[in-house]
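Participant: Prediction below, plus the sequence it came from.
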Amino acid sequence: MSLDPRTPVLVGAGQYCHRAAGLDDALDASALMAEAIRAAATDAGLSAVPNPDTIRVVGLLSHRYHNPARVVADQLGLTPKELAVTTMGGNSPQTLVNATALDILRGDVDIAILTGGEAWRTRMKARKAGVELDWPSAAEDDMPRLMGEDLEMNHPYERARGIVMPVQVYPMFETAIRAKAGLTPEQHLERISGLWSRFSAVAAENPYAWIQEFKTPEEIRTPGPTNRMVGLPYTKYMNSNNDVDQGAALIMCSVEKAESLGIPRDRWVFPLSGSDCHEHPYISNRWSFAETPAVELGGRRALELAGKTIADIDIVDLYSCFPAAVQLGAQSLGLSLDQQITRTGGLSFAGGPWNNYVMHSIATVMHDLREQPGTGLVWANGGYTTKHAFGIYSTEPPSTPFRHAYPQDEIDAMPRRELAEAADAQGTATVEAYTVMYSRDGMPEMVIAACLLADGRRAWGTSNDAATAAAVSEGEWVGRTVELDVEGTLTA
């Protein structure tokens, strides 16, 4: 079959983990990215890193580079015409692939390097030791192109109540999922610890995973010295692991460019279609904490554009920062939790380098598709299951040009809840989702509860009372009646 020379194709994938013994032998994030790019060039069968039209970097947190793409380009001696960085969000790597595929199809780009990395483990070591790291940066006025949707994901009232971290929000999704499933806390804990144990088994066989160690369900769900309770019902092992130094890179080009570089066809993986969308941005306005309608619609559109159904997909990697994300994604896409729905082992075990995990998952899916030709699906997620990006991949050349959907108007029209702020929510409310945050010494210390008022509005209730936190740690609290005072303090 004759291919359109503008057809976008992924030709190289690289991953790099650096386990520094101390600070002297540590690498900064730009060096991790450079190593991953070299690995991607080797993976493509190239003797050197090709000079790209653009270097596009996933937004990172380890260091303020001003223009990280410039720093990476300088390290590799590259002179791209464009340097870009994404907005924040774990959806960014897949969103980059989608945007770059469209740019290649239009003729705006012939070859691109997509990369990302974090040296968060080293950054935290240095902070603990009181050491200032001498890492490179571009000039402050050297501004890269900003790519992606810069979405505000925290309602001002959520921030005022201190509800600002994924480790607080995902456990609330978990309790809502549990209640909807009609499971007891004990039954549900067995279910999700079993899921995470299966993920650890995949990571144990992944050469690029940060933790290559199988863990039993009992090990995952049982609190202990190395597995403290973080936010009920999650122990540390059920949380995304950002304490990593990892980089990943993809080389993406047109078919015409791949042929001119002599890249063997057995290296080629085609993006067939993609989609980008987001839920209602604030969790305060979500209709339910137990469903993700934007995942359902965005995933369905990506599949339709590729001429596929979920039954046609051979290889799947779902975003897996917390068990709740995997369950919501699988439910929305029509997948079973018993299927193999991670190719890396997930963010708890393979590693959760902030926004860049999905660069690793795409690289892994590329490898797997080459070994087992077929069709793959990648779901990327940013925020609190907020921002979504989907990609459908195949080793078979596409029958139609790459296609992309952004069905946001339909999602924006979906039902949403109004938020009643504290003074307006005083009185009786029903708990719809909750968590208890634990101290580092294993004591319950803060209750956070999403509640529904009689008129259907959502209200937030919190409590820093130790006795209340201890009480809410026992049994099932979804569906229970609580009292909220004028300041939003919850009384059980």
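Facilitator: Received, thanks.

Participant: Every contact and neighbour count from this point should use C-alpha atoms.
Facilitator: Will do.

Participant: wouldn't residue 107 be in contact with residue 6 here?
Facilitator: Yes - Residue 107 is in contact with residue 6 according to CA atoms under 8 Å; the separation is 6.8 Å.

Participant: more crowded one of the two?
Facilitator: residue 6 (22 against 13; other CA atoms under 10 Å).

Participant: Isn't that one up against residue 105?
Facilitator: Yes - counting by CA under 8 Å, residue 105 is a contact partner of residue 6 at 5.1 Å.

Participant: shared neighbours of the two, which are they?
Facilitator: residue 254 (CA atoms under 8 Å, 6 or more residues apart in numbering).

Participant: Please tell me how far residue 385 sits from residue 379.
Facilitator: Using CA to CA, to the nearest Å, residue 385 is found at 11 Å from residue 379.

Participant: let me fix that: residue 18
Facilitator: Distance from residue 18 to residue 379, by CA to CA: 26 Å.

Participant: Who has more neighbours out of those two?
Facilitator: Neighbour totals were compared for residue 18 and residue 379, and residue 379 leads with 28 against 20 (other CA under 10 Å).

Participant: average model confidence for whichever strand or helix holds the more buried one?
Facilitator: Using DSSP states H and E, residue 379 sits within strand 375-382. Average pLDDT, strand 375-382: 98.

Participant: what do you get for stretch 175-192?
Facilitator: 98.

Participant: So which bits of it are buried?
Facilitator: Across stretch 175-192, burial judged by 16 or more other CA atoms under 10 Å covers 175-179, 185, 188-192.

Participant: One more: stretch 157-177?
Facilitator: Across stretch 157-177, burial judged by 16+ other CA under 10 Å covers 158, 161, 163-164, 166-177.

Participant: Report the distance from it to the chain centre.
Facilitator: The chain centroid and the centroid of stretch 157-177 are separated by 16 Å, computed with CA atoms, centre = their mean, to the nearest Å.

Participant: Quick one: end-to-end distance for it.
Facilitator: Note: stretch 157-177 ends 24 Å apart using CA to CA.

Participant: Stretch 342-356 now?
Facilitator: So stretch 342-356: terminal residues 16 Å apart, CA to CA.

Participant: Stretch 364-384 now?
Facilitator: 24 Å.

Participant: which residues of the stretch 51-200 of the chain fall in helices?
Facilitator: Secondary structure of the stretch 51-200 of the chain by DSSP state H, counting those that start in this stretch: the helices cover 68-76, 92-106, 120-129, 156-160, 166-181, 185-204.

Participant: can you redo these as a markdown table with distance to residue 313?
Facilitator: What follows is these, written out as a markdown table (distance: least, CA to CA, whole Å):
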| stretch | distance to residue 313 |
| --- | --- |
| helix 68-76 | 34 |
| helix 92-106 | 17 |
| helix 120-129 | 34 |
| helix 156-160 | 38 |
| helix 166-181 | 25 |
| helix 185-204 | 19 |
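
Participant: For the strand holding residue 379, enumerate the helices and strands it packs against.
Facilitator: helix 92-106, strand 315-317, helix 357-371, strand 387-394 (3 or more CA pairs under 8 Å, 6 or more residues apart in numbering; DSSP states H and E).

Participant: so what strands line up beside the shortest one?
Facilitator: What it means is strand 315-317. The strands that strand 315-317 pairs with in its sheet are strand 375-382 (parallel) (by DSSP bridges).

Participant: tell me the angle of the strand it pairs with relative to helix 357-371?
Facilitator: 180 degrees (axes from the mean of the first three to the mean of the last three CA atoms, to 10 degrees).

Participant: Strand 375-382 vs strand 387-394, what angle?
Facilitator: Using the same axes, to 10 degrees: strand 375-382 against strand 387-394 is 170 degrees.

Participant: CA atoms only: put strand 375-382 into CSV for me.
Facilitator: Provided in CSV are the C-alpha atoms of strand 375-382 (Å, rounded to 0.1, in the frame of the first residue of the first chain):
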residue,chain,number,x,y,z
THR,A,375,-3.5,-2.0,18.0
GLY,A,376,-2.9,-0.2,21.2
LEU,A,377,-4.7,2.4,23.3
VAL,A,378,-3.1,4.9,25.7
TRP,A,379,-5.1,7.0,28.1
ALA,A,380,-3.4,9.9,29.8
ASN,A,381,-4.8,11.9,32.7
GLY,A,382,-3.9,15.2,34.4
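
Participant: And that strand, how far out from the chain middle?
Facilitator: Using CA atoms, centre = their mean, the offset of strand 375-382 from its chain centre is 9 Å.

Participant: That one to helix 92-106, inter-axis angle?
Facilitator: 120 degrees.

Participant: Outside of strand 375-382 itself, list whatever touches it.
Facilitator: 88-94, 299, 312-319, 355, 358, 361-362, 365, 369, 387-395.

Participant: Can you say which of those are buried?
Facilitator: Buried members of the contacts of strand 375-382, scored by 16+ other CA under 10 Å, are 88-94, 299, 313, 315-319, 355, 358, 361-362, 365, 369, 387-395.

Participant: export stretch 114-133 as PDB, just CAs?
Facilitator: What follows is stretch 114-133, C-alpha atoms only, in PDB (Å, rounded to 0.1, in the frame of the first residue of the first chain):
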ATOM      1  CA  LEU A 114       9.200  14.900  22.300                       C
ATOM      2  CA  THR A 115      10.800  14.400  25.700                       C
ATOM      3  CA  GLY A 116      10.300  14.900  29.400                       C
ATOM      4  CA  GLY A 117      12.100  14.000  32.600                       C
ATOM      5  CA  GLU A 118      12.200  14.600  36.300                       C
ATOM      6  CA  ALA A 119      15.000  14.400  38.800                       C
ATOM      7  CA  TRP A 120      12.700  14.700  41.800                       C
ATOM      8  CA  ARG A 121      14.400  12.100  43.900                       C
ATOM      9  CA  THR A 122      17.700  14.100  43.600                       C
ATOM     10  CA  ARG A 123      15.900  17.400  44.200                       C
ATOM     11  CA  MET A 124      14.400  16.100  47.500                       C
ATOM     12  CA  LYS A 125      17.700  14.600  48.600                       C
ATOM     13  CA  ALA A 126      19.400  18.000  48.000                       C
ATOM     14  CA  ARG A 127      16.700  19.800  49.900                       C
ATOM     15  CA  LYS A 128      17.000  17.500  52.800                       C
ATOM     16  CA  ALA A 129      20.800  18.000  52.900                       C
ATOM     17  CA  GLY A 130      20.500  21.700  52.500                       C
ATOM     18  CA  VAL A 131      22.500  21.600  49.200                       C
ATOM     19  CA  GLU A 132      21.900  24.100  46.400                       C
ATOM     20  CA  LEU A 133      22.200  22.200  43.100                       C
END
